Every structure is written in structure tokens, then in C-alpha cells.
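# Build me a model from this:
(4 chains, ligands or ions: 2)
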Amino acid sequence: MAEILGGVFTSHVPAIGGAIAKGLQKDDYWRPFFDGFPAISEWLSEKKPDIAVVFYNDHGLNFFLDKMPTFAVGAAPQYDNADEGWGLPVCHSLKGAPEFSWHLIEHLVGADFDITTCQKMLVDHAVMVPFQLLWPDAKEWPVRVVPIAINTVQHPLPSPSRCLALGHAVHDAIEEWEGDERVVVVGTGGLSHQLDGERAGFLNKDYDKFCLDSLGPSPEALIKDTSLDIIEKAGSQGIEILNWIAARGAVGGRVVEKSRNYHIPISNTAAASLLLERV
Amino acid sequence: MAEILGGVFTSHVPAIGGAIAKGLQKDDYWRPFFDGFPAISEWLSEKKPDIAVVFYNDHGLNFFLDKMPTFAVGAAPQYDNADEGWGLPVCHSLKGAPEFSWHLIEHLVGADFDITTCQKMLVDHAVMVPFQLLWPDAKEWPVRVVPIAINTVQHPLPSPSRCLALGHAVHDAIEEWEGDERVVVVGTGGLSHQLDGERAGFLNKDYDKFCLDSLGPSPEALIKDTSLDIIEKAGSQGIEILNWIAARGAVGGRVVEKSRNYHIPISNTAAASLLLERV
Amino acid sequence: MHAEKHAIPGTTPFDGDMARRGYELNAMCYSFNDAENRKAFLEDEDAYCDKFNLTEEQRRAVAARDVLAMIAAGGNIYYLAKLAGIFGLSVQDLGAQQTGMSVDDFKAKLLAEGMEA
Amino acid sequence: MHAEKHAIPGTTPFDGDMARRGYELNAMCYSFNDAENRKAFLEDEDAYCDKFNLTEEQRRAVAARDVLAMIAAGGNIYYLAKLAGIFGLSVQDLGAQQTGMSVDDFKAKLLAEGMEA
Ligand SMILES: [Fe+3]
Ligand SMILES: [Fe+3]
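Ligands and ions are numbered 1, 2, ... in the order given. Model prediction:
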């Protein structure tokens, strides 16, 4: 039976990828953010996960408005990164875990999740920035991956409670898997930020703290809000917390917080990282 | 409040489109099938629906295995037909009902259906053959359309019960719509047939009769089977009955059977048409 | 790794195992929605199969026009029908081939089912 | 026809109304994932906007490099960011423009939020 090691949660702001490309990790602006990661990287190199299930949102690389899925699950043998238009270096590809993916897909559809199944899927900075943060010195990515994309772009968005339920179903599927792989769950995006409109630059430390405090012990507290409530509290792109909520559901059970970091600002964003180990 | 007039159910075999293109409706081979439609066409010209909500499955025109949605809902201002590779004439385009589509989409996501929203969508013979059958003399299609595609191609397929629940949610959304449009629901595909494998040509009259007898008064009888059970009973492509089941859910409530036709064979298929009027 | 599959005689549900195996073949067939691609295939079948990275098993099945072998190689009938269309073959022709019958016999069998009480 | 919308000051949720209005503009911006398309836009902006059938409102907003006007015309910030990238503008530049601040002031405001207890 597969083992779920815990959950890693991190912002995925593209500018972080730029800072990594330029080697700015120790600069004054960046250091307080990058300081959150050595503890997580050490935990990962100690726990040695085989598979990462990554909840993220696509920002217009793989999906467009012609076919916008609420939930999309990767089933590819390999996931390529690609040019997103702003000159971030293209990262090397990720190895998929297609048998494991199809097991999740069978379980999810069997549990009435109406997912879109993707045998080909480009993954954007929302996957690649976290991978660079979690495995900074990797010559080759040390895990295989199942990307799960949640629509945070076009309303109606899935509700926070539906996202948590998706996570729970993924949890059950992982627990049912007969292989002995060690699985880490990753949730990317957030925390509070807003890129668009007269409210651009909006941040909300109180709400972010509530999220960081609640995610481990009481994720149900986060799903009392609607998606629009969250946008009001966390900004239009703060809704990326949906990825964290789903990832928390996939970790399941009880967790202990092993690491936390919160820093304002990275670009327009209140950036954070969090490591929850399963107990 | 929108009014749901009833449901029209019909096979959508591409060869029917070929027969229409060649004017073979009165030929011995085709007449017993086409005979099912005057009663439906008359009912439609009497009831004058404004909008058709069409449950169908795509056969590899708009969707491929890179992004295969379980349920996809059209939100386009116009839906084009296109070349599917076997020389059927390309039909003229259908007008969409985007405001109505978005109302359905809001309701469905709000009810935890994880649909894929399609602002651009090619519709294949599974929509166009039924339209040619229902409105045979139309110079312009007299209804606007919301196409809803159900995955009947790549397993895992949605369960029959999930498809009926989708239909019920569409029903509720239509009833909530504040416009006074008159809505007809269309379900296309089936009945029993199998194109692939050593069992190609498989038909099952008993199961088809059970479907035709049950759909109106007791659709719940059809959802006791799993999708694989249905494939065993109705053939690999007989699973297109999922479109009928969802459409029946969208009609909702009680219905009276106004017309029924069943004929073997059209191409490899047990072909049928059914008109259920809402009471 | 899988739960016991629901086996149906003479039938291969197009599930994840088949969808993985057949991706390239189905991608090639999907391209045949476009008339120019159908023409390119007819003009140079080998080059076209190369372009879509067909496996050896898939290439052999396509070269032999062998539908059961295409299905065994992961082909899905909805996509394969577009390849068959290039050769002017209908789904009844495919049915006859797969069941080892002549096309006339296959059609007669279907008509006979319609005649039964 | 709609239930009362949840209004959020200074914020335009990208819903069906906006997604319909902005389809062409967002389609153009989505094309900028491809370096050749970015080049084509820079070489002949008008022709490129024609190719994507931008509305007059959208063309004016693009010509004026006016982000709030692009959003009003249905642009979604994730796609618009790709257009901004062509001009070397970051999301902080966009934030400054939309809030009517200088870029330095916008950045300083964010830094100040980080300093607060
Ligand atoms: Fe993001
Ligand atoms: Fe069909």
C-alpha cells in the first residue's frame, strides 16, 4: 500500500523562477522567502518520495477558454514545461506515473468526480517553480508526478468544499493503490494577491494567517467561504488557495506542522511555504 | 420561467446522414427508420421550442485523448460542424444560446458537477444527424442549442447514475432560468450496437426494449447497471444510452410517450426514436 | 495493480491501459479529420506513420489493414473509423473483417436480426 | 437574467459575461506563448489584431496599453500578462498602472505591508 508522507505547500509566483535563473536567492529581497525552503528540501531528501501529486492551476499554457476543465488530471508518461511568453527559462521535463494516474482517474470517476483526463499536458510555472524550490540542486527530478489542475481562472470556480472533497477522493485512491510508492502531496499558489483591477496589490495578512493556522488542524474552517468570499478576502489570485485546500484533503488524516514561512512581498504576492507531515 | 416541452431521443448513426445527403429516405432499407420522424417533426413544429439542450457524445471531432472531459458544456455563440473524415457533407452551423449556457454552467458547477466549459466547440454527426432528422426541411435551424457532451469513448466512463444526476441538475437549472424560452431536450445515440472487436455487429433487442419501455416511466431502472454492464448488454457503442439517460433526467418529472420507433438494422445499429412529452 | 477487470467476450473496453498503448495511433487517426492529412497519408504512408511515431505493432497493423490488430495495439474504433474512411471502408466492412465474415454475410446477419419476431 | 452578483470593489471576477466579451482578446494573448507570434505582433500589431478579430474596444485598449480598459473589454489578467511580457512589463508594472501609482510607489507600498507588525 502506498504511503502518504505529508503535504508541501508553496507560492509559485513566476518571478521566483526568474530569481532562481539569476541566482538571486541570497539577495535581500529574496532571501526571506527562500529561507523557507532548506527545511522542506531536507525533509524531502530524508523522506525520499517516489511520486508527487501536485495540485496547481494552469495560467494559460495548457488550457484555453475553448475547453476549460474544472478539474484536469494528468495521465501522461512525461510532462513538458514550455515558453509562457515572459522569457522564463524552460525547465526540463517531469516524468509521469501513468499507471498511478489511471488508478486515481478510475477512482475519481467512480466517486462521481467529472474530471478531464489529460494524456498530454504542458505544465507551467505553477508546477515548475515549486519543483525548483523543493529540489534546488536536482540534476534530474527525483520524483515522478501526477499533476492535477484546478480551474481558478474562469468563473464559476469549483467551491472550496468541492476542492477539499476532490482531495479526499485522491487520498482514498492513493491509500487503495497496491504499490508501495511513497507519495508527497504538493499544493501550489497563493497566498493573498491580486494582479488585476483597481485593487491590484491587495494583500490580507490576517486571512493568510488564518489559512496557515487552519490548513493543518482544521481545513474545514477554510471551506465555509464560497470562492467569491475568498476572492474578496485574499484577492483575485489569492483564490489559488483552492490548490492548497485540495492538497490538504489528499494528505488526509492528522498532520504536524514541520515548517512554515510567510513573507511579504514577492512581486505582488504574500508568499508562503508550509510543510505538514502526516502523523 | 422557461418551459420544458419534453424529450426527443434518436440514434445518430453517420450512415443516416449519408442517406439524407443521397435522398434515400423512401428506399426499402431506410424507410422503416425514417418513418419514425414525421410524428416528432410535427410535434416540434407545433410546440415551437426556442432552445434545444442536446446530450450527445463526440466521436473524435472536438475532443482528443490529450484533454478528454467527462462532461463538456457548450457556451459558444455558434457551433460549427466539420469534416469528420468520411465525406459526409458539412452541415450549416448551429446558433448557440450563450447566456442560457452560462446559466446552466453556473448552476452545474454550483451543484458540484466538474464540467469542462467550451466557448468554442465543433459538433459532429451526433448532433447534426438528429437535427437533420428532427427538422428535415429547415433552411435555417429553428432552435438555438446548448450541446452537452458525455464521454462514452475513454474509460472510466461516468456511471449511468451520474449521468441521470447531471440531467436532473440541468433540469433544475432550466426551471430556474428567468427567461420564457421553450426548451426541448434531445438525447442522441444508441441503441444497441458494437463496431469493434470479435463481437462487432452485436445487438440486443430485449435490452433495447427494456430501455424504450423504462426511459419514460422509470428511468431509475436504467441506472442499476454500471457502464460496463451496459456495454455487455448493449454493445460497446450501445453505451451511448448514457446520453438518453442524461436527457431523460433533464426532461424531469412525468412524461407521456407520444411516438416510438425501433428498427434493425441501420448500418450495424439497432436504431430507434422516441418522443416523450412532459405532462 | 488493477482491480479485477469486468471481462466482456469479444470486446476490449478502451480504458487507461489501451488509451496509453494506442495514443500515437489514435493521434494519427484523429489527424484524418483534415482532408490534407488524409492526402498526405495516401501519398506516403510510411512517412506519415513516422511523423506520429507509431510503434512497430501499430505500423504493422495499419500496413495490414487489420482492425483487430489495430485495436490490440490500442486503437479506438471511433478514431480508426477515420482511417477506414480513407480506404472507403464503412463500419459494416470493418464488422465483417473483425468477425471473419464476408461483407454480404455480415449485412445479411444484421438484416436477419431485424426480421426475427 | 442573473442572480445578484457578489460585488467586490476594484475587482472584476472573470465570469461568463467577461469570458464571452473577451474571447478574441484572450485568444490573441494566449497565442503569445509562442515566440513567433510575439514577433509577428511586434512587427505588425494591426494585422495581428485583425487576425484575431479583436473588437474596436479591445483594439483601442491594446493600442493604448491600458490594462483596466483591456479588463473592461473582457481580458483576463493571466492572458494579458503574456501581452505585457512582450513590452517587458511585469505584474508590478501592471499593478502600478491599474492603481494609478508610479511603479516605485507601488513597490514601496508592497514592501511597507511586509514591514508592518
Ligand atoms: Fe498563480
Ligand atoms: Fe455514435
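# Please make it C-alpha for all contacts and neighbour counts, starting now.
Will do.
# Next up, phi/psi of the closest residue to residue A:49 other than its chain neighbours, please.
Leaving aside its sequence neighbours, residue A:49 sits nearest to residue A:182 (Cα to Cα, 6 or more residues apart in numbering or on different chains; 4.7 Å). Residue A:182 adopts backbone torsions of phi -100, psi 130, taken as degrees, to the nearest 10.
# what sits against residue A:182?
A:2-5, A:48-51 (Cα atoms under 8 Å, 6 or more residues apart in numbering or on different chains).
# And it, what's its pLDDT?
At residue A:182, the model reports a pLDDT of 98.
# Equivalent analysis for residue C:117, please.
56.
# quick one: the most centrally placed residue in chain C from chain D, how far?
Geometric centre of chain C, nearest residue: residue C:80, 3.7 Å, by Cα atoms, centre = their mean. From residue C:80 across to chain D, the span is 31 Å (Cα to the nearest Cα, to the nearest Å).
# In contact with that residue, which residues?
Here residue C:80 is in contact with C:26, C:29, C:67 (criterion: Cα under 8 Å, 6+ apart).
# rerun at 10 Å
By Cα atoms under 10 Å, 6 or more residues apart in numbering or on different chains, residue C:80 lies in contact with B:196, C:25-26, C:28-30, C:32, C:62, C:67, C:70-71, C:91, C:94.
# List just the nearest of those residues to chain A.
residue C:26 (11.9 Å; Cα to the nearest Cα).
# in the stretch 101-250 of chain A, which spans are helices?
All helices of the stretch 101-250 of chain A, identified by DSSP state H, counting those that start in this stretch, fall at A:125-134, A:160-176, A:205-215, A:227-234, A:241-251.
# I meant to write chain C there.
C:16-21, C:23-30, C:35-43, C:45-51, C:56-63, C:67-72, C:77-86, C:91-99, C:103-115 (DSSP state H).
# among these, which is nearest residue A:87?
Across the helices of chain C, residue A:87 has its closest neighbour in helix C:45-51 (29.3 Å, Cα to Cα).
# Run the chain-centre distance for the closest one.
Centroid separation for helix C:45-51 versus its chain: 17 Å, with Cα atoms, centre = their mean, to the nearest Å.
# and the angle from the lengthiest strand in chain A to helix D:103-115?
If you go by DSSP state E, chain A has its longest strand at strand A:255-266. Using axes from the mean of the first three to the mean of the last three Cα atoms, to 10 degrees, the interaxial angle of strand A:255-266 with respect to helix D:103-115 works out to 150 degrees.
# Each with direction, which strands does strand A:255-266 pair with?
Paired strands of strand A:255-266, with direction, are strand A:269-278 (antiparallel) (DSSP bridges).
# Centre of the chain to the partner strand, how far?
The answer for strand A:269-278 is 10 Å, by Cα atoms, centre = their mean.
# Tell me what angle it forms with helix D:91-99.
Using the same axes, to 10 degrees, strand A:269-278 lies at 130 degrees relative to helix D:91-99.
# any idea of the angle strand A:269-278 forms with helix A:125-134?
Using the same axes, to 10 degrees: strand A:269-278 against helix A:125-134 is 70 degrees.
# Flag every residue of chain A that's near chain C.
Chain A comes close to chain C at residues A:75-77, A:98-103, A:105-106, A:117, A:119-120, A:177-179, as judged by Cα under 10 Å from any Cα of the partner chain.
# Just the buried residues of these.
Buried by 16 or more other Cα atoms under 10 Å in any protein chain shown: A:75-77, A:98-103, A:105-106, A:117, A:119-120, A:177, out of those.
# out of those, who's nearest residue B:216?
Set against residue B:216, the nearest of these by Cα to Cα is residue A:106 (30.7 Å).
# So which of the helices of chain C is the most surrounded?
helix C:23-30 (a mean of 24; mean count of other Cα atoms under 10 Å in any protein chain shown).
# ok, and does that helix reach over to chain B?
Yes - contact of helix C:23-30 with chain B (Cα under 10 Å from any Cα) involves C:23, C:26-27, C:29-30.
# Might one say that residue A:24 is in contact with residue A:32?
No - using Cα atoms under 10 Å, residue A:24 is not in contact with residue A:32; the gap is 11.6 Å.
# near chain D, which residues of chain C show up?
Counting by Cα under 10 Å from any Cα, no residue of chain C is near chain D.
# returning to that earlier point: can I get the residues of helix C:23-30 next to chain B in JSON lines with pLDDT and distance to residue B:56?
Shown next, in JSON lines, are the residues of helix C:23-30 next to chain B (pLDDT from 0 to 100; distance: Cα to Cα, whole Å):
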{"residue": "C:23", "pLDDT": "98", "distance to residue B:56": "23"}
{"residue": "C:26", "pLDDT": "98", "distance to residue B:56": "21"}
{"residue": "C:27", "pLDDT": "98", "distance to residue B:56": "22"}
{"residue": "C:29", "pLDDT": "98", "distance to residue B:56": "21"}
{"residue": "C:30", "pLDDT": "98", "distance to residue B:56": "19"}
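# so which of those residues are also by chain A?
Answer for the residues of helix C:23-30 next to chain B near chain A (Cα under 10 Å from any Cα): residue C:23.
# Show me which of the residues of helix C:23-30 next to chain B is closest to chain B.
Using Cα to the nearest Cα, the residues of helix C:23-30 next to chain B come closest to chain B at residue C:30, 6.4 Å.
# Which pLDDT value does the model give residue 66?
Reading this off chain A. pLDDT recorded at residue A:66 is 98.
# wrong one, chain C
For residue C:66, the predicted pLDDT is 97.
# Repeat that for residue A:178.
So, for residue A:178, pLDDT stands at 94.
# circling back to that earlier point, who wins for proximity to residue B:264 among the helices of the stretch 101-250 of chain A?
When these are compared (using Cα to Cα), the closest one is helix A:160-176, at 42.8 Å.
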